[in-house]
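>>> Provide a 3D model corresponding to the input given below.
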Amino acid sequence: MSLFDKLFKGKTRKEPLDVSARFQLDRHAFTGTMSKFRVAKEIGTGKFFGIKFLDAEKLAYFNNRFKGLNKPSEGEIAMQISHPSIVITHEYGVTTVGGQYILMEYIHGPGLDQAIRARDPKLLPNRMTLIREMAQSLQAVHEQGFIHRDVCPRNFICYEPLDHLKMIDFGLTLPDEAPYRMPGNRTGTPQYMAPEIVRRRETDQRVDIFAFGVTCYKLLTFEHPWGSTDTTGVAALAHDTSEVIPITKHRPHLHPDLAKAIHKCLEINPDKRMPNCKRFLSRIRNVANEEIA
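As a prediction, this is how the structure comes out:
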């Protein structure tokens with residue numbers, strides 16, 4: 001790593017990044033909500049990183065919702081959130097061709113969504129560890145004063161043995177402040193949206209608790225809480241009009257403390273919902289991996 005790169009590690013670069021001069025990019029690109037992700041090998045050190053190239057048009061469309069609010073960028077937000085179960089953001093800035101990028105830790109492993117779709121048997125003995133790490137990472141986001149707004153299996157990356165994971169992607173994350181909680185910002189992944197997002201009501205950090213509950217349910221059952229396989233916004237309309245299928249219907253021997261805690265996350269009314277992940281973790285403190293078969 002050059003002296004320049006050492007000086008600007010962990011912050012925004014003050015000069016544009018010449019990507020091809022510093023990195024060899026893997027030929028495979030992974031497309032996200034508002035970006036493309038590439039694995040990048042740093043030429044000078046041989047180290048691997050993940051580099052996210054933001055889609056300027058989609059980013060402008062999203063940011064247009066918050067005119068006059070001085071909304072922090074994804075890179076600024078990611079740099080503020082530090083936790084062992086959140087991917088490390090090293091730097092962010094602009095490339096020499098004018099696009100925005102975020103440089104982050106690279107983890108070799110599948111997304112949690114991929115592992116769930118594959119019903120990977122390696123998940124089974126590790127599910128409680130993964131649930132606790134998801135809860136801890138989300139609690140860290142909230143304690144730093146943000147609403148993630150896109151909690152779902154796609155935004156957790158697993159280590160190859162599927163025994164640990166980290167949260168990724170703050171593309172839709174907003175400050176937990178009144179101007180950003182106003183009704184109308186219907187963004188996120190439809191299958192995981194809280195009713196107050198779907199119905200364009202005022203939101204707060206509890207929308208993440210709802211999405212976290214859906215994610216836990218999916219991890220434990222490989223099924224959706226409402227039974228639908230529809231991934232469009234139409235399916236999200238059922239989140240406050242249809243009953244959640246009891247998780248014990250899929251997992252009859254699930255520890256009752258865990259079953260109750262997940263259903264508490266899925267309450268339609270935010271005032272009845274699990275208030276935060278700290279409380280969730282307290283509720284499941286006596287649940288061991290072998291008790292969720």
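
>>> Please name the nearest non-neighbouring residue to the residue nearest in space to the middle of the chain.
Closest to where the C-alpha atoms of the chain average out (C-alpha atoms, centre = their mean) is Asn155, at 3.6 Å. With sequence-adjacent residues excluded and distances taken as C-beta to C-beta, 6 or more residues apart in numbering, Asn155 is closest to Asp169, at 4.6 Å. C-betas here are computed from N, CA, C, even on glycine.

>>> so the one you found, which of the three states?
Counting by DSSP: H, G, I helix; E, B strand; the rest coil, the backbone at Asp169 sits in coil.

>>> quick revisit: list the contacts of the residue nearest to the centre of the chain.
148, 167-169 (C-beta atoms under 8 Å, 6 or more residues apart in numbering).

>>> how about 10 Å then?
32-33, 87, 111-113, 134, 137, 148, 166-172, 189, 192, 211, 215 (C-beta atoms under 10 Å, 6 or more residues apart in numbering).

>>> quick one: pLDDT of it?
With respect to pLDDT, Asn155 scores 96.

>>> What is the neighbour count of the residue lying closest to Glu133 once chain neighbours are set aside?
Of all residues not flanking Glu133 in the chain, Ser85 sits nearest, at 4.3 Å (C-beta to C-beta, 6+ apart). Residue crowding around Ser85 was assessed by other C-beta atoms under 10 Å; the count is 19.

>>> wouldn't Ser85 be in contact with Arg132 here?
Yes: using C-beta atoms under 10 Å, Ser85 is in contact with Arg132, at 8.8 Å.

>>> Give me the pLDDT value at the nearest residue to Thr187 once chain neighbours are set aside.
Excluding its sequence neighbours, the residue lying closest to Thr187 (C-beta to C-beta, 6+ apart) is Leu172, at 5.2 Å. Looking at Leu172, its pLDDT reads 94.

>>> what do you get for Asp176?
Reported pLDDT for Asp176: 96.

>>> any low-confidence regions in the protein?
Applying pLDDT under 70 to the chain flags residues 1-14, 230-233, 289-293.

>>> just the helices in it please.
Taking DSSP state H to define them, one finds helices in the chain at 3-8, 19-22, 56-63, 74-80, 112-117, 127-143, 195-198, 206-221, 233-236, 247-250, 256-265, 277-283.

>>> rewinding a little: show me the contacts for the residue nearest to Asn155.
Asp169 touches 32-35, 37, 52, 74, 78, 87, 102, 104, 148, 150-152, 154-157, counting by C-beta under 10 Å, 6+ apart.

>>> about what we covered before: could you say which of the helices of the chain is packed most deeply?
Sort the helices of the chain by mean neighbour count, taking mean count of other C-beta atoms under 10 Å, and helix 206-221 sits at the top with a mean of 24.
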